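S.K.: sequence plus the predicted model coming up.
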Amino acid sequence: MENKSILLVVASILLSGMMIASAIVYNGSQANQSNNSQQPVVAQDPNDPVEARDISVDLSEDTPYLGDKDKAQIAIIEFSDYECPFCKRFHDGARLDIISQYVESGKAILAWKDYPLDFHDPLATKQAIAAQCVYEQKGNQGFFDYADLIFKNTESGGAGMEESQLNELAKDIKDLDTAEFDTCLKEEKTADKVKAGISFGNDNGITGTPGFIIGKLENGKVTQGLRIAGALPIATFEQYLDELLK
């Protein structure tokens, strides 16, 4: 009987201890929830490509673009690297749909900013310099025609083509003064323009390619901008572009 009484006392002590411990844990949990409620954390959807919102940028400087700046309501700024395989994927995929659905209809412009990555150099920067050399002579359409040729002919990865091909591709641009182009490329006369594109990207949070800022366009200014990243499908772009058009 004595042993049984002792066991009952011990059991009672253990049970009381467990109840007290549970109460402490519960109260602590409630306190943490209360503190968190004062500083709410907004859950980020892992599938949401938007990295930042409410960006404002100035596109009034000389920048290659497709579309009608005076008519367009929105702008898509593409930050790209000719040797980036994901840029090539975008170029051959969603970009074509963006042009047909938004640019050709007059709703948007598609602007280009050079953003060659260090590990794709020296070729990526040389390609960007070459395209800007074409732009100096032939403007927007010539620039994008030449950009198309680079993406078509490179295998990407930083060594996707021979540098000498840049001169050969220039011969396919109608009425281009190839001698002037060759000099421009050799002397890297547009290198500062390429560096300016990189600086513009860095200043606006771009860290990789392809990267995009999309927003409302008015008088060369982009407002209510979103920064998104990756070779995304057209459905994703449609979601944000259509919202901006409302």
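M.R.: Great, that's in hand. Numbering: from 1, shown residues only.
S.K.: got a list of contacts for the particular helix or strand that has residue 168 in it?
M.R.: For residue 168, the element it lies in under DSSP states H and E is helix 165-170. Residues from elsewhere that reach helix 165-170, judged by CB atoms under 8 Å, 6 or more residues apart in numbering: 126-127, 130, 133-134, 146, 149-150, 153, 176, 178, 181-182, 185. Backbone N, C-alpha and C define where each C-beta goes, glycine included.
S.K.: could you list the domains of the chain?
M.R.: As given by automatic domain parsing, the domain ranges for the chain are 1-41, 50-244.
S.K.: that older thread, would JSON lines of the contacts of helix 165-170 with pLDDT be doable?
M.R.: Supplementary listing: the contacts of helix 165-170 in JSON lines, determined by pLDDT from 0 to 100:
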{"residue": "126", "pLDDT": "98"}
{"residue": "127", "pLDDT": "98"}
{"residue": "130", "pLDDT": "98"}
{"residue": "133", "pLDDT": "98"}
{"residue": "134", "pLDDT": "98"}
{"residue": "146", "pLDDT": "98"}
{"residue": "149", "pLDDT": "98"}
{"residue": "150", "pLDDT": "98"}
{"residue": "153", "pLDDT": "97"}
{"residue": "176", "pLDDT": "98"}
{"residue": "178", "pLDDT": "98"}
{"residue": "181", "pLDDT": "98"}
{"residue": "182", "pLDDT": "98"}
{"residue": "185", "pLDDT": "98"}
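S.K.: can you tell me which of those end up in helices?
M.R.: Restricting the contacts of helix 165-170 to those inside helices, with DSSP state H as the criterion, leaves 126-127, 130, 133-134, 146, 149-150, 153, 178, 181-182, 185.
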